[in-house]
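Novice: Okay, here's the prediction I keep looking at, along with the sequence it came from:
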Amino acid sequence: MIKKYQVTLFSSSGKYRPVACIVNYEQENDTDLSKDGIVKKTLMQSGITKICQKRLWTSRELKKYEYNQCKIRVAENN
């Protein structure tokens with residue numbers, strides 16, 4: 001089953017608005033894996049990669065805009 005997670009990056013200075021994306025993750029059951037440490041790192045990395053690809057950013061822009069806080073939650077099914 002494929003479950004959708006929302007990855008959101010926050011600016012620590014508060015000057016910039018949060019940016020977010022939806023990441024699909026293949027899993028066997030319907031449990032929330034955003035609490036699991038290993039899976040959480042995987043979700044964070046794929047979310048940051050997706051955001052950077054969409055906005056044509058590199059790690060330099062993430063540091064420049066101070067996006068160094070990340071939150072993950074289960075996305076609602078619409």
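Specialist: Yep, it's here.

Novice: on contacts alone, who are the packing partners of the helix or strand hosting Ala20?
Specialist: Assessed by DSSP states H and E, Ala20 sits inside strand 19-26. Judged by 3 or more C-beta pairs under 8 Å, 6 or more residues apart in numbering; DSSP states H and E, strand 19-26 is in contact with strand 2-11, helix 37-55. C-betas here are computed from N, CA, C, even on glycine.

Novice: what stretches of this structure score poorly on pLDDT?
Specialist: Along the chain, the model assigns pLDDT under 70 to residues 77-78.

Novice: repeat that with 90
Specialist: Applying pLDDT under 90 to the chain picks out residues 1-2, 14, 26-39, 76-78.

Novice: and the angle from the strand holding Ala20 to strand 2-11?
Specialist: In terms of direction (axes from the mean of the first three to the mean of the last three C-alpha atoms, to 10 degrees), strand 19-26 departs from strand 2-11 by 150 degrees.

Novice: residues in contact with the residue nearest to Lys54 when sequence neighbours are not counted?
Specialist: Excluding the flanking residues, the one nearest Lys54 by C-beta to C-beta, 6 or more residues apart in numbering is Cys21, at 7.0 Å. Applying C-beta atoms under 8 Å, 6 or more residues apart in numbering to Cys21 gives the contacts 6-7, 47, 50-51, 54.

Novice: any idea how far Cys21 is from Lys15?
Specialist: Note on Cys21: its distance to Lys15, by C-beta to C-beta, to the nearest Å, is 21 Å.

Novice: And for Val23?
Specialist: 26 Å.

Novice: what about the two, which has more around it?
Specialist: Neighbour comparison, Val23 and Lys15: the larger count goes to Val23, with 21 against 8 (by other C-beta atoms under 10 Å).
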